[in-house]
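Enquirer: pasting the sequence and the predicted model now:
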Amino acid sequence: MGTIHTRTIQGLDYFYWCPPTRRRATKLGESAGVTYRIGRQPKGGYLPYYFWRGDIQLDDYIAAYLKWLHAAWQLHPDLAIRMRQGKVGLRSCQGEYDCRSPEARELRQRLREEVADIYYSAELIASSLERARQCRQQAEQLRQQAAAQQALAGVGQRSPIVMQPRSLMEQSKASAAAAAALEGEILKIVAYLLRFCPPAARSAFRGELATAIWQNPPGA
């Protein structure tokens, strides 16, 4: 299990994640392992990006986060928080804490909500990318539909067999407008996801997002 700790920078506290596997300390006594800056809160900030890349493992982070909550909420020292099959449980180590009390039930619900937020962070980028790929697929279909409608309208202007070319042109414009709206939605999704990436990696992340959206099919 890794650890979550804070550093104060210019009077503000920032949360960092230290992975469970660390290399030997440097000659100056500092850890030689990589640390990841999360942000001002331990369950937001850059977490979705690190989860998506695999830099932070979900189970390790949840375990460390629950340990951090135990201290931050100043819970009873006899109380242990545990996760089993994705569910939060409470255990009294020495029998000093009543895990069946109304207080314990309320605490268990609060912890479940906290863990649910972490799960949401872990799925945020993947689910957003899936939505963007679906928008791309729909936009491509609408572009093809608009081109076909426009072609039929052109034929209708030259031949009495195909009727209502004006209606077909209006349908073509509507299809093109719907496609443009979906493409705009993709750009909004990309801009939204870039907020979860550290500034130094943002340019590379933008390219990764473009590849994931435009080169991978929906559901990939």
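Expert: All right, it came through fine.
Enquirer: what's around Ile4, how many residues?
Expert: 19 (other Cβ atoms under 10 Å). All C-beta spots, glycine's among them, are computed from the backbone N, C-alpha and C.
Enquirer: wait, it sits on Tyr65?
Expert: Yes - assessed by Cβ atoms under 8 Å, Ile4 is found in contact with Tyr65 at 6.4 Å.
Enquirer: and the strand or helix carrying Phe15, which residues are buried?
Expert: Using DSSP states H and E, Phe15 maps to strand 12-18. Across strand 12-18, burial judged by 16 or more other Cβ atoms under 10 Å covers Tyr14, Phe15, Trp17, Cys18.
Enquirer: pull the residues that contact it.
Expert: Defining contact as Cβ atoms under 8 Å, 6 or more residues apart in numbering, one finds that strand 12-18 is touched by 2-8, 31, 33, 35-42, 45, 50, 56, 61, 64.
Enquirer: same question, stretch 130-145
Expert: For stretch 130-145, the external contacting residues (Cβ under 8 Å, 6+ apart) are 172, 175-176, 178-180, 182-183, 185-186, 189-190, 209, 212-214, 216-220.
Enquirer: residue ranges in the chain under the pLDDT threshold?
Expert: Residues of the chain that meet the criterion pLDDT under 70 lie in 21-33, 154-166, 217-220.
Enquirer: excluding chain neighbours, what is closest to the residue most central in space within it?
Expert: The centroid of the chain falls nearest to Leu124 when counting by Cα atoms, centre = their mean (2.2 Å). Closest residue in space to Leu124, ignoring its immediate chain neighbours: Pro48 at 4.3 Å, by Cβ to Cβ, 6 or more residues apart in numbering.
Enquirer: helix or strand right after the helix or strand where that neighbour lies?
Expert: Assigned by DSSP H and E, Pro48 falls within helix 47-53. Once the chain leaves helix 47-53, the next helix or strand it forms, by DSSP H and E, is helix 58-72.
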